[in-house]
Structures are given as structure tokens and as C-alpha cells.
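K.L.:
predicted structure and sequence below. I'll ask about it afterward.
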Amino acid sequence: MNILMVEDDTSVAQMMELFFKKEGWTQDIATDGEEAVEMFKENGSKYDLITLDLNLPKKDGIQVAKEVRQMSPTVPIIMLTARDSESDQVLGLGIGADEYVTKPFSPIALIARIKALHRRVMMEEGPVTEAEENVNNDYDIETDHLKISKSRREVLFDGKAVTTLTPKEFDLLFTMAQKPKQVFSREQLLELVWGYEYYGEERTVDAHIKKLRQKMEKVGPQVIQTVWGVGYKFDDSQVGK
């Protein structure tokens, strides 16, 4: 795995480089926001994952994440920050970060988080051979208006493609669409989508749902509904009625 670490604290970057080497990973370091954006712009395809500090010179982590997401909607981003307020966490996740780790953190815990996120992405984005593509034209989920292929990471709403979904947004939609009309609590979605390794706030789910809704609304009416006091559900049975 090749990681882009955006971190202005050289001691943190050097410490993590040692742990990454033990895992057999390579690491490029950007020490400010402008450098990070330029490095990703020049060679973004080489990076499997980004760790991104929130407090950076020249451009902060929020702006960096926004610009990276414009170039790549799917590269996994783990945001690292000394801030621990809920609003900062929701803001970071809302603009496209997949995970949020508060400093000071355990290097071993961060390594475990990186492995878990990368493993989920690889499982979802594994290469599909030409033969498999030709044979497997079916969809894993077909509802009244929605079709989802997990192997192709394809989402269609009334034949229109829902594009630029991040791994977590895709997972959320896939999880809820498997059981239309079933209400999922935030705790359930954290467990099903983020997995047992993730210890996050429930507002994490809200932030990702908001971004997912915005992307779904580009191709059709809103089908992810809030059930107040409980959670969220997918229901497209009333579309067009």
C-alpha cells in the first residue's frame, strides 16, 4: 500500500513512517495543504489511501479534502486532528473523509483502522475480468427504481447513473437498499458499514447520509428517509405515485 500522509508535525510523520515500513507500506509526506493538493494532482492514482491532518499551513485539511474529492471521489481519506469537537468531526466527514481519528492516537490503532478501511475498499473495488463482466450483467439489488451491482460498483436510479459515491456512501446505500422500508438505527449502520473496528459518533452516519442524499437527488427524488427518533430507511415504492 502507498499512503499519502499530509502532516505538518514532522515527529508524527516520522513515527508513522516507521510503523508503515514494518507493514511493508510506502509513504509520501506533504507538510502543508498546497503541497498535498499538488502531489495528488500530479500522481493521485499511485495512492491507496490518504491520512490528512486538519490543521495545516496554507490550506487546511477541509479544503484539501474538498479538492481531492473533486479529483477522486473514491480514494479513502482518514482525517487526523487534535480537535475533538463533534462539529469538526461532522464537517470533516461531510466533505468526504471516510474516517476520523483524534490526536493523540495510538500508532497501532491507526494501523488497524487503515487496514480495515483498505480491506473494505479492496473487497468492494476488486478487479472484474472481461469474462466476468460479460457473464455477470445482473444486479445484486433491484427495487422499483434502483439497481445496484456491488462487483461493478454501479448504481442506477431509473436508468440514470448515480456517480462519485465514496466507499462509505455506496456501503450505506447498499445496506439499506437490501431491505427496503426497514428502519436502521445509527448504531446498526455504524456496525454494518463501519464494522466493529470503528468507534465513532452517531453523527458520522448523519454526515454521510447527507452527502449520499445530495448525490442521489441529482438523478431522482429523495428515497432515503429519516424516521425521527429511530434512524433511516430506503423506500422508493412511492416514487411517481
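P.N.:
Done, it's in.
K.L.:
where do the helices sit along the chain?
P.N.:
Taking DSSP state H to define them, one finds helices in the chain at 10-22, 33-43, 61-71, 86-94, 107-124, 130-135, 167-177, 186-189, 203-216.
K.L.:
include mean pLDDT when you put the ones you listed into CSV, please.
P.N.:
What follows is the helices of the chain, written out as CSV (pLDDT from 0 to 100):
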stretch, mean pLDDT
helix 10-22, 87
helix 33-43, 92
helix 61-71, 87
helix 86-94, 56
helix 107-124, 78
helix 130-135, 45
helix 167-177, 90
helix 186-189, 87
helix 203-216, 88
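K.L.:
please identify the deepest-packed of the ones you listed.
P.N.:
Looking across the helices of the chain with neighbours counted as mean count of other Cβ atoms under 10 Å, the highest average goes to helix 167-177: a mean of 23. Just so you know, the C-beta spots here come from the backbone N, C-alpha and C atoms, and that holds for glycine as well.
K.L.:
now what about that one, what contacts it?
P.N.:
Residues outside helix 167-177 that contact it (Cβ atoms under 8 Å, 6 or more residues apart in numbering): 74, 76, 98, 117, 120-121, 124-125, 140-141, 143, 146, 148, 150, 153, 155, 162, 165, 182, 184, 189, 192-194, 205, 208-209, 211-212, 215-216, 224, 232-234.
K.L.:
likewise for stretch 35-47?
P.N.:
With Cβ under 8 Å, 6+ apart, stretch 35-47 has contacts from 2-4, 6, 28, 30, 50, 52, 56, 58-59, 64, 67-68, 71-72, 75.
K.L.:
filter these down to the buried ones, ChimeraX style.
P.N.:
Those of these that count as buried under 16 or more other Cβ atoms under 10 Å are selected in ChimeraX with:
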select :3,4,6,28,30,50,52,56,59,64,67,68,72,75
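K.L.:
same list, the helices of the chain, but as a markdown table with distance to residue 238 please.
P.N.:
A markdown table is the format used below for the helices of the chain (distance: least, Cβ to Cβ, whole Å):
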| stretch | distance to residue 238 |
| --- | --- |
| helix 10-22 | 49 |
| helix 33-43 | 42 |
| helix 61-71 | 32 |
| helix 86-94 | 28 |
| helix 107-124 | 29 |
| helix 130-135 | 34 |
| helix 167-177 | 15 |
| helix 186-189 | 22 |
| helix 203-216 | 15 |
